[in-house]
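**Q** Let's see this in three dimensions:
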Amino acid sequence: MRASSPSELAGRPATARIWVILGGIAVVLAAVSIPVNAVLYGVPVIDAILLGLIQAGLIPLAVRSPKIAAALSLIPFVLLALLGNGSVGAPWPVAVTSILAQIALIITLAFAAPWRTAALTWLVSVLAVIALIAATPQRYDRFTESLASAIPFAAISLALLTIALLLAQRARIRAQLERERRVTASEQVRRELVEERNRIARELHDVVAHGLSMIQVQASSAKYRLPDLAPEAAAEFDSIGATSRGALAEMRQLLGVLRNEDSAAGLGPQPGLMDIPELVKSIRKTGVAVDLRWAVDDSDGLPASISLTAYRLVQEALSNAVRHAAGASATVVVTRASGAIDLMIENEAPRDSARGVAGPRTFGSTHTSEGLRGAGAARDTDPASPAATSRPAGHGLVGMRERVQLAGGRIELGPIDSGGFRVAAHLPIPNSTERA
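**A** Just a heads-up that it's a prediction; the model follows:
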């Protein structure tokens, strides 16, 4: 198992506490080691201050750059011992403060670096102490007693190093388990999402697709089952059959996307801005008078997402007008200018309507009138009634708002004074160089 990198260690929640602890240890060791080295070991004051600060500063440095701190640690550790060589009365070849600073550094390395770095630093430190004793045997009566003075350092530092490595390994295992837990939770959410998509796909296939298939079969076979059918009625049935076949084709694409999240959203050509005139023609066949005011030369440079959004907005608004404003005429205005697509879909009030309501509201308002007519919602509720103010807006309006928001545009929709309904959208074209 790999060790935590310095950046990972520094990025943990307890970072502040770690720096405070290490900084406090460094300050205490520097404050004690400087006078000890200067007084007991006879190290020149300037050297004692400089080397003491370096030795203490290497402890917090080990968190950011463990290898550099490990390599530099031997410089003050050895130099302080050599500079204090003249103090034959000192109790240890190496000052206790230097030993404590080196042990603190080794423990820090055990947490901040791979175990090999900490173990190698410990081994080199022990060998350095032995070498210093061997190089200055004249400081003590007997060399064996001098060598024995290194045993506490080696034993205590080894024990503390072992404990630190075990604790560091435990912390790394816990961190890895936490990462695995997050990955498992993410996979669980993804699996539940896939299952829900598959369930929706099954429902669409078993219910909606079946109903559309029945409509298509009955509409296509009507002229054969009813020989006395008038030509106009037969043409209407053929149109219904063609529309249902198109809806089934789109349903199959939708089912493919739901069942395979890695598939592209559009397995076939998607409708776009230039298909709006054909859409208007299909709506006219239902008996709705639609006036199309077209001010678009071409779709060059128009992103597919913006083109599809424009088409879906017109499609949804006209579909709502057909459903909720029976017999009312509609107007569709499509303009491409000033680096944007501007849409306006407005339908008159239903023929049985004679009451006007407030004007349109801009997307973003938290209040939506429920006396909506035509492109908005059914007109069977008085806008001033309690039911009108408590009933939520339809999913079609929410869908239009979401599409426009994703496109970075703005939309206004709502009833107008004449009793009809208006949808107005502004869709900016990204990175467009067009000018009005």
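**Q** Quick check: residue 66 touching residue 117?
**A** Yes - between residue 66 and residue 117 a contact is recorded at 5.7 Å, counting by C-beta atoms under 8 Å. Any C-beta I mention is one placed from the backbone N, CA and C, and that applies to glycine too.
**Q** So which bits of stretch 54-68 are buried?
**A** Applying a neighbour-count criterion of 16 or more other C-beta atoms under 10 Å, one finds 54, 55, 56, 57, 58, 59, 60, 61, 62, 63, 66 buried in stretch 54-68.
**Q** list the contacts for the second one?
**A** Just to be clear, that refers to residue 55. By C-beta atoms under 8 Å, 6 or more residues apart in numbering, the contact list for residue 55 reads 29, 30, 33, 73, 76, 77, 80, 98, 101.
**Q** and the fifth one, what is it in contact with?
**A** Contacts here follow C-beta under 8 Å, 6+ apart; on that basis residue 76 touches 51, 52, 54, 55, 58, 98.
**Q** And the second one, by the same measure?
**A** Listed by C-beta under 8 Å, 6+ apart, the contact partners of residue 30 are 52, 53, 55, 56, 57.
**Q** Also the first one?
**A** With C-beta under 8 Å, 6+ apart as the criterion, the residues that contact residue 29 are 52, 55, 56, 59, 97, 100, 101, 104.
**Q** if you set the cut-off to 6 Å instead, what comes out?
**A** Neighbour list for residue 29: 56, 101 [criterion: C-beta atoms under 6 Å, 6 or more residues apart in numbering].
**Q** isn't residue 429 right next to residue 339, touching?
**A** Yes - with contacts counted by C-beta atoms under 6 Å, residue 429 reaches residue 339, the gap being 5.2 Å.
**Q** Between these two, point out the one with more neighbours.
**A** The neighbour comparison of residue 429 against residue 339 (other C-beta atoms under 10 Å) goes to residue 429, with 20 against 15.
**Q** distance of the more buried one from residue 408?
**A** With distances taken as C-beta to C-beta, to the nearest Å, residue 429 is found 10 Å from residue 408.
**Q** Repeat that for residue 238.
**A** Distance from residue 238 to residue 408, by C-beta to C-beta: 41 Å.
**Q** Ok, residue 118 next?
**A** 54 Å.
**Q** between those two, which one's more packed in?
**A** Using other C-beta under 10 Å, the more surrounded residue of residue 118 and residue 408 is residue 118, with 26 against 12.
**Q** show me the contacts for the more buried one.
**A** Applying C-beta under 6 Å, 6+ apart, the residues near residue 118 are 106, 109, 110.
**Q** Which one (most neighbours) among those?
**A** Taking other C-beta under 10 Å as the neighbour criterion, residue 109 ranks highest of those with 31 neighbours.
**Q** Which pLDDT does the model give that residue?
**A** pLDDT recorded at residue 109 is 87.
**Q** change the start of the numbering to 515 and stick with it
**A** Sure, I'll start numbering at 515, so the last one becomes residue 623.
**Q** before we move on, what SS does residue 811 have?
**A** coil (DSSP: H, G, I helix; E, B strand; the rest coil).
**Q** ditto for the one 10 residues further on
**A** When states are read from three-state DSSP, the local structure at residue 821 comes out as helix.
**Q** which one is it nearest to, not counting chain neighbours?
**A** Sequence neighbours aside, residue 786 is the residue nearest to residue 821 in space, at 3.5 Å (criterion: C-beta to C-beta, 6 or more residues apart in numbering).
**Q** The one you found and residue 820 touch, don't they?
**A** No - with contact defined as C-beta under 6 Å, residue 786 does not count as touching residue 820 (8.8 Å).
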